Structure formats: structure tokens, C-alpha cells
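*Asks:* coords please:
(one chain, ligands or ions: 1)
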Amino acid sequence: MSLPAFATLAPAEPVLEDVRARFSELEARFDAAGSAEERGQVIADWDALSREMSTAISWVRLRFRQDTRDAEVKAARDRMDELAPKLQELEVGFKRKLLEGPHRAELEGRFGPQAFALWDCDRRSFDPALKDDLTQESKLTADYTELLASAAIEFQGETLNLSGITPFCQDADREVRHAAEHARWGFFAAHQAQLDTLYDQLVKLRQGMARKLGLGSYTELAYLRRQRIDYGPGDVARFREEVATHVVPMAHELRRQQARRLGLESLAYWDEALLDPAGNPKPQGDHDWMLQRAQAMFDAVGGGLSPFFRDLAGGGYLDLETREGKAGGGFCTSFPSVGSPFVFANFNGTEGDVKVFTHEIGHAYQNFKSMGQPLLDYTWPTIEGAEVFSMGLEFLTWPQMEQFFGDDAERYRRGHLTESLLFLPYGVAVDHFQHEVFARPDASPAERNAIWQELERLYLPWRDYGDLGYPARGAFWQRQRHIYCYPFYYIDYTLALTCALQFWVLARKDPQGAMARYEALCPTGGQRPFQAMIREAGLSSPFEPGCLREVVEQARAYLD
Ligand code: ZN
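*Replies:* Down below sits the predicted model:
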């Protein structure tokens, strides 16, 4: 394979009228088609158009996040945010034709029922009457992104963004951690009114969209928008209860052990990030060194990952350095008409760099291996399924962690497993919060904070914010980007983690076998709904009773 250099990509900005004409032509050709073969060709042409649009959207949004200060790129991004819902309307129109037309059975036979289940979610969650609301939603979430990217925190004589302050929040010196948390939350406190108002506007906007579709609440709409096919809010609520029953007591015990290791009577919030008194292990080199080590790691892992990573890095499909003006976070995006994913991160010299990086490469590899799927919608699984590939790779690369951490690799592995277990209660808290928020969409910002505090007592009973006034008043959730930008996208991580931990259990017994199972699952992409995909890989669905208990027992045995 060879990918065109990323720097040479410049997808044309779609012109609405041209795209509309191309859709009309496809629809006319589909109606006139006289055979299954001809209909198949029209669908292939439609898929190529969809991939072209998807590439154009991903590219503009990525370019903006690479430099949020570039006025030209920002203007292009704004135009794309206006255009994207209109393109989506054309897509949904074509899908509706396939769903409602007389050839559905023939097409389901050809492409499988999952595409139709996905499109049915799209159809039910979209209406032209929502167009302006969706544009407004994009604007508000972009405002949140910009606000957080604008952080310029003065600390120890440096000006830092939210990513840059993180290493100080993990410092081995307790006073430094405490001061760094004060500085970090000072930024949020200074923008309280904006953060409260933005979220309030988003909640009311989202609830309004659900009402326009005749749905009882935004929760229902969110499940449709997230294309949750083979489970519902009842399953998720039971999963949260399983976490409260099986994981919270163990997580509380892990926090007590952590306090003892740190020589503290009790753990304050600013101690939580320091799992180990020796300091969290750090990768032993800079950005370029990390890339070399990563190549050595994937060469050792073998299979398709080695050539894949070489081409991705060689083609410029990685942007991992922290820069002023660059948006925070890490993610994987995709240019499906080019055939390549792209990985974005903000290295800050912590062990998190290795984690984010292996995570996003897991997404990228699955997506790359699924590019040959006949439909754009099959190039990714739905999100909770996609996260199995990213989190799964974090665990499957465990034997290679010496590449980054040398003698500290075992400390990294123990920390990774411990953090994973500690994450489950936080993850379900973020999910539970959003279910509560949309059950009471008229709640005030103070009432929302009270909801969060109650959930912290349930899922994070050890948490003590001390003199950090802002999170102590229940506003911790405001730093959780997903709550603003990707509503109800969070339980996905906990469901996927439960599956990724099963890969970890398998890999302890049979590393090659576990990796082979992972490789075999990658090209299946989004052909199946979540639980069916998990069972296809020979894993247990997180909703099966006892699944979580077994994984937690294995993890406890390892840590003991
Ligand atoms: Zn991910």
C-alpha cells in the first residue's frame, strides 16, 4: 500500500448545489435500474460520493483543530458546519429511499441487515426541521472547544494550556500537585458563567430537538443518534449497577492502598493522579524518539501493524506534538476516499502519551483494515464497538512497554490496569449524570451540580476536593468534554473497556492467539451491532450477568 502524502491532500470544499445534483442523478439511476447488478453499481457510486464528502468534512475539522487561531481555516470550518447538516439531509434522503423502496430485501441480502438498522436510526433521528438546531449545536460545541483551547495558565513562571499543566498535576511533590490543581481549576472558575450558560443552552437545544421529533426526551434521541442497535437505557442502567456492586468497592480499596503507598492518612483529589510514590513512569525520550520506539514496538508485535504504522508516519498522518493554539485532546479521524485514517494527540511527556497513542493507533488500524467494506457506514463499528479496538490494543501492546519505559514498564502496566479499574466508576458516573440531566432538562446549573455531587458519592465515594472550591461545589463535570460535545458518548468507553479487559485476560494465557483474534476482527468493521460483534470475537457481552465480575476478579488477582 502507499498513501498520498497528507500535505498534498486538499479536498475541494463541497458546493451544495453540485452535490444535490449528483444525488438527484443517483436517485434517478437507482429508479431506472433494471437489475440487482445495476442497483449495486448505483450504491457503489453513492458510497464513493459519501466518502468524498466525509473526507472533505474530516479534513476541514482537523485543520481547524491543528491551529484554532488560523482565521482562514476557522472560516472554512464555520462554512462546513453550516453545510454538513445539509449534506446529511441528502444522505438521509438516499438512505430513506433504500429503506422504504421495493428492493430492500435484495439489498439486505447483499449488504446485511446492519446497514438498514443504522439507517433507520439516522432516519428516525433526523428531520429537515432540525437543520438550524444542528448548526447551532455545532457552534456551541465549537465555542466550548475554543474556550478550553484558549487557556493560558500562569504556573511556575510558564504560560501553559490545559494539556501543559497536566504533568504538574501528576508531580511527585504534593505541594506542586496541589498548586497545579488550584491553577487548573482557577481557569474553570474564571469562566464559570460561560461554562454554565453554554451547557444550559446545549441541554435546552437538544431537548427541543427531541420534542420536534415527537420523542419523550433527548435520551431517546441520543440513543438513536449513537446508533445503539442491540441494547437500550435499561441494559445500560443495569451495567451501571453492576459497576457500583462489583467495581466501586474494589476501586475504593485501590484508593486506600494508594494513600498508604503515598504515606498519606487520606487521599485528596490532587493525590489521585499519582498512583505511585516514585512518580508515574514517564516515556524516556522526546517526540521523535517516541515515533522510533513505536515503530520498533509494532515491528515486534508483527502482523499488519508494522507496515501500517510505517506508512501512516511516513505519509504525515500523525500530529502528536503540543503547540500553542492547537486544540487539546487526542482522536483518530479518517479520510475514507483516500483510504487513510489520521491520528491527532498532544504529547506532554507523561505516560498518558503512550496510552493515548496506542489507543488512537488501535482506532486507526481497525479503520484502515475496514476500508474495503462496501459501505462507508461499515468502515467503523458503532462507537462502543470501535473503542474495543483502541482499548484492546492498549492491552495487547503490554509486552512491548519496555520500549518506552525500560525498567519502569511493569510499573506502567500495573498503573494502566489500576487506572482502568478506577475509570469504570467515573465512566458510569458521567453516563448516569447525562441520563439525570435530560430527565430534568429544566434544572438550574446549581441543581445540575447537585446531581453530579450525588453521583460522586455513589460512584467515587473516596473523593475529597479539599480547598479546591470549583469542583467542590459540584462542577467537576465541566472539564469532561464529552458532556458538552458528544452527549451520551461515555458509557461506550466502559463497555469497551470491559471487552478490552477480556482481550487482556486472553493475552495473559496466549498472547499470539489474542493478537490473532484482534487482527481477524479488525476488517469486519461495522458489519454487526455491538453485542453481536463482541460475541463474534468469542468475548462476553458486558450486559451478560457476571461478565464484569469475572474480569474484575482476574484484575484483582494480577494486582495482588
Ligand atoms: Zn477511542
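*Asks:* wait, what's in contact with the residue of the stretch 451-560 of the chain at minimum distance from the ion?
*Replies:* Minimum separation of the stretch 451-560 of the chain from the ion (CB to the ion) falls at residue 493, amounting to 7.3 Å. Using the backbone N, CA and C atoms, a C-beta is placed for each residue, glycine as well. Applying CB atoms under 8 Å, 6 or more residues apart in numbering to residue 493 gives the contacts 387, 391, 423, 427.
*Asks:* just among those residues, which is most surrounded?
*Replies:* residue 391 (26 neighbours; other CB atoms under 10 Å).
*Asks:* I figured that residue was touching residue 500, is that so?
*Replies:* Yes - taking CB atoms under 8 Å as the definition, residue 391 is a contact partner of residue 500 at 3.5 Å.
*Asks:* start to end distance for stretch 264-274?
*Replies:* From its first residue to its last, stretch 264-274 covers 12 Å (CA to CA, to the nearest Å).
*Asks:* what ranges in the protein fall below the confidence cut-off?
*Replies:* Under the criterion of pLDDT under 70, the regions of the chain flagged as low confidence span 1.
*Asks:* what parts of it come near the ion?
*Replies:* 387, 390 (CB under 5 Å from the ion).
*Asks:* and if we set it to 6 Å?
*Replies:* Within the chain, the positions adjacent to the ion are 359, 363, 387, 390 by CB under 6 Å from the ion.
*Asks:* could you export those as CSV, including secondary structure?
*Replies:* What follows is the residues of the chain next to the ion, written out as CSV (DSSP: H, G, I helix; E, B strand; the rest coil):
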residue, secondary structure
359, helix
363, helix
387, helix
390, helix
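*Asks:* any chance of those residues in JSON lines, plus distance to residue 530?
*Replies:* As requested, the residues of the chain next to the ion are exported to JSON lines (distance: CB to CB, whole Å):
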{"residue": "359", "distance to residue 530": "18"}
{"residue": "363", "distance to residue 530": "16"}
{"residue": "387", "distance to residue 530": "10"}
{"residue": "390", "distance to residue 530": "15"}
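*Asks:* number of nearby residues for residue 467?
*Replies:* Residues contacting residue 467 under the criterion other CB under 10 Å number 10.
*Asks:* that should have said residue 69, apologies.
*Replies:* For residue 69, the neighbour count with other CB under 10 Å is 13.
*Asks:* which residues are in contact with the closest residue to it other than its chain neighbours?
*Replies:* With CB to CB, 6 or more residues apart in numbering as the measure, residue 325 is the residue that lies nearest to residue 69, at 4.2 Å, once sequence neighbours are left out. Taking CB under 8 Å, 6+ apart as the contact definition, residue 325 lies against 67-70, 149.
*Asks:* identify the farthest-apart pair in these.
*Replies:* The widest separation within the contacts of residue 325, taken as CB to CB, falls between 70 and 149 and amounts to 12.4 Å.
*Asks:* residues contacting residue 224?
*Replies:* For residue 224, the set of contacting residues under the criterion of CB under 8 Å, 6+ apart consists of 121, 124-125.
*Asks:* ok, back up a step: what helix or strand is the residue of the stretch 451-560 of the chain closest to the ion located in?
*Replies:* Counting by DSSP states H and E, the element that carries residue 493 is helix 491-509.
*Asks:* the helix or strand following that helix vs helix 491-509, what angle?
*Replies:* Taking DSSP H and E as the definition, the helix or strand that follows helix 491-509 towards the C-terminus is helix 511-521. Angular relation of helix 511-521 and helix 491-509 on a 0 to 180 degree scale: 140 degrees, by axes from the mean of the first three to the mean of the last three CA atoms, to 10 degrees.
*Asks:* which parts of the following helix or strand past helix 511-521 are buried?
*Replies:* Past helix 511-521, further along toward the C-terminus, the next helix or strand under DSSP H and E is helix 530-536. Within helix 530-536, the residues scored as buried using 16 or more other CB atoms under 10 Å are 530-531, 533-534.
*Asks:* list the helices and strands helix 530-536 packs on?
*Replies:* Applying 3 or more CB pairs under 8 Å, 6 or more residues apart in numbering; DSSP states H and E, one finds that helix 530-536 contacts helix 383-396.
*Asks:* so the helix it packs on versus helix 511-521, what angle?
*Replies:* Put simply, helix 383-396 runs at 150 degrees to helix 511-521, going by the same axes, to 10 degrees.
*Asks:* the residue of the chain found nearest the ion - nearest residue in space that isn't next to it in sequence?
*Replies:* When CB to the ion is the measure, the chain has its nearest residue to the ion at residue 390, with 4.2 Å between them. Closest residue to residue 390 apart from its sequence neighbours, by CB to CB, 6+ apart: residue 362 at 3.7 Å.
*Asks:* same thing with residue 466?
*Replies:* Using CB to CB, 6+ apart, the closest residue to residue 466 is residue 268 (4.7 Å).
*Asks:* for stretch 300-309, which positions count as buried?
*Replies:* Buried residues in stretch 300-309, counting neighbours by 16+ other CB under 10 Å, are found at 301, 304-305, 308-309.
*Asks:* out of these, who's nearest residue 520?
*Replies:* Nearest to residue 520 among these is residue 304, at 11.1 Å by CB to CB.
*Asks:* OK, contacts around the closest one?
*Replies:* Residue 304 sits in contact with 365, 369, 519, 522, where contact means CB under 8 Å, 6+ apart.
*Asks:* let's see that with 10 Å instead.
*Replies:* Shown in contact with residue 304 (CB atoms under 10 Å, 6 or more residues apart in numbering): 1, 298, 365, 368-369, 519, 522-523.
*Asks:* which of the residues you listed are buried?
*Replies:* Among the contacts of residue 304, those scoring as buried are 298, 365, 368-369, 519, 522-523 (criterion: 16+ other CB under 10 Å).
*Asks:* quick revisit: state the distance from the residue of the chain closest to the ion to residue 139.
*Replies:* Going from residue 390 to residue 139 by CB to CB, to the nearest Å gives 29 Å.
*Asks:* could you check which of these two is surrounded by more residues?
*Replies:* A side-by-side neighbour count of residue 390 and residue 139, using other CB under 10 Å, places residue 390 first with 22 against 13.
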